[in-house]
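Q: pasted the sequence and its predicted model underneath.
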Amino acid sequence: MKKAIFGTCIALIAVFFLVGQERDQGPVMTFVGWENPETRFDATKNEVMDVRLRWKVVKDVRKACSEESVRRGGKVFNYEIQACSFWEGKECIIVTPRMATIHNVGHEVLHCFRGDFH
C-alpha cells in the first residue's frame, strides 16, 4: 500500500514538472479558482517574496504583450487578453491598458509572486 502511494506521489510530481516546462518558464503553480477575484490563497506559498514591479500602460494590450512575448521567444496572442506580465532579471513587468481593473492588475501582480499559474 505504501509503495503504491509513494509511486503515485512520484508520478504526480513528475507530471507537475513536465507540464511546467512546457513554455520554459519553470514549474506551473497550481492555483484553483484564479478566475474568481474573490478566491483566497495562502500568500506564504509564493515562489518569491521580494519583487520589483514595473507597470507599463499601453493603448493596445494584445499588440504590446504579443510583441514582448515574441521578443522573448514566445508566441503571438491570437486571442483577446486584458493584461500580461513578464520577468526581466529581478524585475516583473506588468502590461495593462490605461483603464485597467483591480482584477487585471492583481492577477498580473500575483503572477509576479506566484509564477505561471494558469
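A: Thanks, I have the structure now.

Q: quick one: end-to-end length of stretch 48-68, please.
A: In stretch 48-68, first residue to last residue: 23 Å (CA to CA, to the nearest Å).

Q: right, and the helix or strand after the lowest-mean-pLDDT helix or strand in the chain?
A: Lowest on mean pLDDT, DSSP states H and E among the helices and strands of the chain sits helix 2-20, with a mean of 34. Counting by DSSP states H and E, the next helix or strand C-terminal to helix 2-20 is strand 52-58.

Q: show me what whichever helix or strand comes after that next one is packed up against.
A: Of the helices and strands lying after strand 52-58 in sequence (DSSP H and E), the nearest is helix 61-71. Applying 3 or more CB pairs under 8 Å, 6 or more residues apart in numbering; DSSP states H and E, one finds that helix 61-71 makes contact with strand 84-88, strand 91-97. The C-beta positions use only the backbone N, C-alpha and C, and glycine is treated the same way.

Q: residue 72: which of these is closest?
A: strand 84-88 (6.6 Å; CB to CB).

Q: what's the angle between that closest one and strand 52-58?
A: For strand 84-88 against strand 52-58, the angle by axes from the mean of the first three to the mean of the last three CA atoms, to 10 degrees is 130 degrees.

Q: list the buried ones in strand 84-88?
A: For strand 84-88, burial by neighbour count (16 or more other CB atoms under 10 Å) applies to 84, 85, 86, 87.

Q: quick one: contacts for the last one?
A: When contacts are counted by CB atoms under 8 Å, 6 or more residues apart in numbering, residue 87 is found next to 93, 112.

Q: give the bridge partners for it, please.
A: Beta-bridge partners of residue 87, counted by DSSP bridges, are residue 92.

Q: any idea how far it is from residue 50?
A: 13 Å (CB to CB, to the nearest Å).
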